[in-house]
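Undergrad: Attaching a predicted model along with its sequence, questions to come.
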Amino acid sequence: MIARLLFVAVAFCASVAVSEDKPQKIETLKKLEPAKCGSVKQLHAFDDIFLAGQPTAEDFQEFKKRGVKSVLNLRTKEEMDFDEAKILKGLSLEYHHVPIASPDSLTDENFDKLRKLLNEKQQRPENPQRAEPRISPRPDRLARFADGREL
């Protein structure tokens, strides 16, 4: 099934916290590199975006410690094993959900939503999963998508 072939996409924004526990700075990379955080599989970093498989609830806690402030989920509700929105709300992380289940989901409206989230610095899920949309099984395609280049 196409949905199973596509990566789970989750994107996060890092922020400078206004709390006593300042988040650890996440190194900004300019090319796609393997990354590690918690038990997340298929985690990569591209510039200030994480591209990854599905994190566990515990992984989200680890990402928050690293300064993540928002998540972009491209999985459908049917694909989820837990209530990600509820977990993230409990961690005070912003949650965006733009489900991409099939080629029919790749609409102009969904592309506009994703492009806005990835390109607008203040809303951008810009650190982990230093984002990996599951639009494509190839993370390099996300970078071209976010830049507005042809896929």
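TA: The structure has been received and is ready for your questions. These numbers were taken from a predicted model, which means no experiment stands behind them. Numbering: from 1, shown residues only.
Undergrad: Quick check: L114 touching H96?
TA: No. Counting by C-beta atoms under 8 Å, L114 stays clear of H96, with 9.1 Å between them. For glycine as for every other residue, the C-beta is placed from the backbone atoms N, C-alpha and C.
Undergrad: which residues are in contact with both of the two?
TA: Overlap of the contact sets of L114 and H96 (by C-beta atoms under 8 Å, 6 or more residues apart in numbering) consists of L72.
Undergrad: Grab the longest helix from this structure for me.
TA: What stands out as the longest helix in the chain, according to DSSP state H, is helix 108-119.
Undergrad: Would you mind listing the buried residues in that helix?
TA: F111, L114, L117, L118 (16 or more other C-beta atoms under 10 Å).
Undergrad: Tell me how far the second one lies from G38.
TA: Same thing as L114. 24 Å (C-beta to C-beta, to the nearest Å).
Undergrad: what's the burial count for T56?
TA: Neighbours of T56 under the rule other C-beta atoms under 10 Å: 14.
Undergrad: Not counting residues beside it along the chain, what's closest to it?
TA: Nearest residue to T56 in three dimensions, chain neighbours excluded: S39, at 6.1 Å (C-beta to C-beta, 6 or more residues apart in numbering).
Undergrad: now the strands for the chain?
TA: 10-14, 33-34, 44-46, 49-51, 68-73, 94-97, 127-132 (DSSP state E).
Undergrad: Parallel or antiparallel, list what pairs with the shortest one.
TA: Strand pairing for strand 33-34, determined by DSSP bridges: strand 44-46 (antiparallel).
Undergrad: for this structure, where's the lowest mean pLDDT among helices and strands?
TA: helix 2-5 (a mean of 33; mean pLDDT, DSSP states H and E).
Undergrad: Packing partners of the longest helix of the chain?
TA: strand 68-73, helix 139-146 (3 or more C-beta pairs under 8 Å, 6 or more residues apart in numbering; DSSP states H and E).
Undergrad: Flag the shaky bits of this structure, pLDDT-wise.
TA: 1-29, 47-48, 120-151 (pLDDT under 70).
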